[in-house]
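**Student:** Here you go, sequence then predicted model.
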Amino acid sequence: DTAVSQTPKYLVTQMGNDKSIKCEQNLGHDTMYWYKQDSKKFLKIMFSYNNKELIINETVPNRFSPKSPDKAHLNLHINSLELGDSAVYFCASSYRGTNSPLHFGNGTRLTVT
Amino acid sequence: GQQLNQSPQSMFIQEGEDVSMNCTSSSIFNTWLWYKQDPGEGPVLLIALYKAGELTSNGRLTAQFGITRKDSFLNISASIPSDVGIYFCAGQDTGANSKLTFGKGITLSVRP
């Protein structure tokens, strides 16, 4: 199936730990994104990569470090997890430019205890 | 920064009714998109609008890109129980590094 797939779907961890979320797309897109959805369902962009190059970096703590080994993958590593990091993280992909809608993965629910 | 306004936060309708959702922005967008999110899943694209004034349909859904490029609406006709979910509008700005800004979403409930 063509899709944006994220792993894991659920991640429960303790404060202070380091964790990673992986994302892969097989849609042939050249741009990938990470969005954070808070408890009020608000979706906010965190990062965007085009062909492995960082092109959007919103005001995100530097404990969050995206890594793109190739244009089909964009992983998110989070250091020293805090309670406020609990949220659903969505990966998305598109072609670069205005007329290319984003396709989203099914999200990773991160719970920090 | 850019903000999209969607209200109310929740809507409750009877099965078979039509419903309209509006989205307004403080700034101009080149593209307007409507997404639906079901529980435990990611947002799924419903309709994309690329030109001011454009009116586009997708089955029972109709959406329009406002002439001022600062607003859009989504209509759902003859609602059914599976229309339940969160509906997000999103605006995309110009340029190669354009990003998508989302409204806060409207949670739609459909009573059978």
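**Tutor:** Arrived safely. Keep in mind the model is a prediction, meaning the values are calculated, not measured.

**Student:** and stretch A:95-113, how far apart are its ends?
**Tutor:** 37 Å (Cα to Cα, to the nearest Å).

**Student:** That one: which residues count as buried?
**Tutor:** Judged by neighbour count using 16 or more other Cβ atoms under 10 Å in any protein chain shown, the buried positions of stretch A:95-113 are A:96-97, A:100-110, A:112. Where you see a C-beta, it was placed from the backbone N, CA and C, and this is true even at glycine.

**Student:** For chain B, which residues are neighbours of chain A?
**Tutor:** B:30-31, B:33, B:35, B:37, B:40-45, B:48, B:50, B:86, B:88, B:92-102, B:104-105, B:107 (Cβ under 8 Å from any Cβ of the partner chain).

**Student:** List buried residues within those residues.
**Tutor:** Members of the residues of chain B next to chain A classed as buried by 16+ other Cβ under 10 Å are B:30-31, B:33, B:35, B:37, B:42-43, B:48, B:86, B:88, B:92-93, B:98-102, B:104-105.

**Student:** Which ones among these lie within strands?
**Tutor:** In this view, those that belong to strands under DSSP state E are B:31, B:33, B:35, B:37, B:48, B:86, B:88, B:92, B:100-102.

**Student:** now, among those, which is nearest to A:Lys40?
**Tutor:** Using Cβ to Cβ, B:Ile86 is the member of these that sits closest to A:Lys40, with 10.8 Å.

**Student:** The closest one is in contact with B:Gly40, isn't it?
**Tutor:** No - applying Cβ atoms under 8 Å, one finds B:Ile86 not in contact with B:Gly40, separated by 11.8 Å.

**Student:** Could you dump the ones in strands among the buried ones among the residues of chain B next to chain A into TSV with pLDDT and distance to B:Ser25 added?
**Tutor:** What follows is those, written out as TSV (pLDDT from 0 to 100; distance: Cβ to Cβ, whole Å):
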residue	pLDDT	distance to B:Ser25
B:Thr31	92	12
B:Leu33	95	12
B:Tyr35	97	16
B:Gln37	97	20
B:Ala48	95	16
B:Ile86	97	19
B:Phe88	97	13
B:Gln92	88	11
B:Leu100	86	12
B:Thr101	90	8
B:Phe102	93	11
